[in-house]
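Asks: Could you work out the structure for the sequence below:
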Amino acid sequence: MRAKERTFVAIKPDGVQRELVGEIIKRFETKGYKITALKMLQVTDEQAKAHYAEHEGKPFYPRLIRYIQSGPVVAMVVEGYNAVAGVRHLMGSTDPDKAEVGTIRADFAEVMEYNVVHGSDSVESAEREIKIYFNENEIYAQRKCMEELVVEYLDAD
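Replies: Here you go, the predicted model:
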């Protein structure tokens, strides 16, 4: 069954620096997802540590923290049916060399460490990550996704 979900997406410092923000957002919107919160920010130490908490103690953890703080990120809440899986599909594999042609990472990422975007890997992760970057009053939740509008239209007869 398809469920309306929220997911967290971050355009990472390399994506912002390379001026890919508009193109990446366009791909989500073209697919029918709604951007219900959006901001550009410099990730704080507290946010970085909370975001990557599950990797603390791993050898690559310090690099993750340095990278996410190396420049501004664009954080967003993306909403729609099966948004977690759908957004991850649009992004492609974490390793751009293995990402399906036409995905964001296949088209724009150069190496796995700088893969342009982050997307939550589960509904639970999305809820946790959204709270790191947004207060509930920063999320505009009244927009309908395209599928809802189509259903309403078809049911109107």
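
Asks: Centre of the chain to the lowest-mean-pLDDT helix or strand in the chain, how far?
Replies: Of all helical and strand segments in the chain, the minimum by mean pLDDT, DSSP states H and E falls on helix 146-155, at a mean of 74. Mean-position distance between helix 146-155 and its chain equals 25 Å (CA atoms, centre = their mean, to the nearest Å).

Asks: Please shift the residue numbers so they start at 59 in all later answers.
Replies: From this message on, residue numbering opens at 59, which makes the last subject helix 204-213.

Asks: Sort out which residues of it are buried, please.
Replies: Buried positions in helix 204-213, judged by neighbour count with 16 or more other CB atoms under 10 Å: none. Quick note: C-beta positions are derived from backbone N, CA and C, even for glycine.

Asks: Can I get that helix in PDB, CA atoms only?
Replies: Taking C-alpha atoms only, helix 204-213 is exported to PDB below (Å, rounded to 0.1, in the frame of the first residue of the first chain):
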ATOM      1  CA  MET A 204      -0.400  15.300  -7.500                       C
ATOM      2  CA  GLU A 205      -1.900  11.900  -6.800                       C
ATOM      3  CA  GLU A 206      -4.300  13.400  -4.200                       C
ATOM      4  CA  LEU A 207      -5.400  16.000  -6.700                       C
ATOM      5  CA  VAL A 208      -6.000  13.400  -9.400                       C
ATOM      6  CA  VAL A 209      -8.000  11.200  -7.000                       C
ATOM      7  CA  GLU A 210     -10.100  14.200  -5.900                       C
ATOM      8  CA  TYR A 211     -10.700  15.100  -9.600                       C
ATOM      9  CA  LEU A 212     -11.700  11.500 -10.500                       C
ATOM     10  CA  ASP A 213     -14.000  11.200  -7.400                       C
END
